[in-house]
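1. kindly generate the corresponding structure for this input.
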Amino acid sequence: MSVSNFHRGLPVHAVRIVLLAACLAFTSTVSSQGRGKTTLVLKGGSYVTGRIIADSAGKVLMKVTSPAIISVSKDDIAVIETGRRSVISKNPQKGYFIHLTSGVLAGQIEDSGVKSISVNLINGYRFENGISLGFGTGLENLECAVMPVYAEMRYNPLNARVSPYVWVKGGYGIPLVSREEDEDYLYGYYPVYDGGIMLNAGAALALYSWRSNAVTIGAGYRFQRLVKRYNYWYGPDSHREYVMNFNRIEVQFGFIFR
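-> Have a look, this model is predicted:
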């Protein structure tokens, strides 16, 4: 039987099945080729699309359309996008940053709960190993208005767009209140606030954008010591002191700018 006769002898539905299978195979091949494409988003905002053919310690060799092969330093790459996935290859968060946070300090005084507002600004630098060091200050309302001045260390264990981190802060709280605001002429004294140590530790989640800015959400524990001293007018060395230790749960929301 000849080939043409064999073809004419096939049922119509069998021919359709064969053609459908061939179309599916061709579509799968094209789709698999498309999924092999990778996009390199460079730090300046430009991008290159092609297929990575070599990935060494410091460079990426990519075959782009034309065809051509280019060599890109990993220091210039911000993001590598493969299909619908986006993976940060070289730590784009490395370098100087500003972290602005606003939060609530919640705790107990005697039998009642109290809440106060906290606003802080941190200037820091993040290294490639995920450790960041910074210096910060802010404004908080405890017994009185307090300006904390502190050093901070944080650690990001992951190099990803959704990056958890932990932090530790230590410093000093400076009261921002003058004695005239709370004088008591009836009992003959005026109060003076002295500052004290400040300690803070917590954990947060940073949600990075492709420009390496981020939104942060975190919670932690805050300790602040203040001393309230009552100085009496009738004696040069006559005074009473109250040491106040504030233990607070901190919930904060912030932004990281670069």
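2. can you give me the strands for the stretch 151-258 of the chain?
-> Assigned by DSSP state E, counting those that start in this stretch, the stretch 151-258 of the chain shows strands spanning 162-175, 189-194, 196-208, 214-232, 239-257.
3. could the ones you listed be laid out in JSON lines, adding mean pLDDT, distance to residue 151 and mean neighbour count?
-> Placement of C-beta: from N, CA and C, glycine included. Below are these laid out as JSON lines (pLDDT from 0 to 100; distance: least, C-beta to C-beta, whole Å; neighbours: other C-beta atoms under 10 Å):
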{"stretch": "strand 162-175", "mean pLDDT": "95", "distance to residue 151": "6", "mean neighbour count": "17"}
{"stretch": "strand 189-194", "mean pLDDT": "78", "distance to residue 151": "21", "mean neighbour count": "18"}
{"stretch": "strand 196-208", "mean pLDDT": "95", "distance to residue 151": "11", "mean neighbour count": "18"}
{"stretch": "strand 214-232", "mean pLDDT": "90", "distance to residue 151": "15", "mean neighbour count": "17"}
{"stretch": "strand 239-257", "mean pLDDT": "90", "distance to residue 151": "17", "mean neighbour count": "15"}
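4. what does the domain assignment say about this protein?
-> Taking automatic domain parsing as the criterion, the chain consists of the domains 1-35, 36-90, 95-257.
5. where among the ones you listed is average confidence lowest?
-> Lowest mean pLDDT within those: domain 1-35, a mean of 48.
6. where do the helices sit along this protein?
-> Per DSSP state H, the chain carries helices over the ranges 3-9, 12-35.
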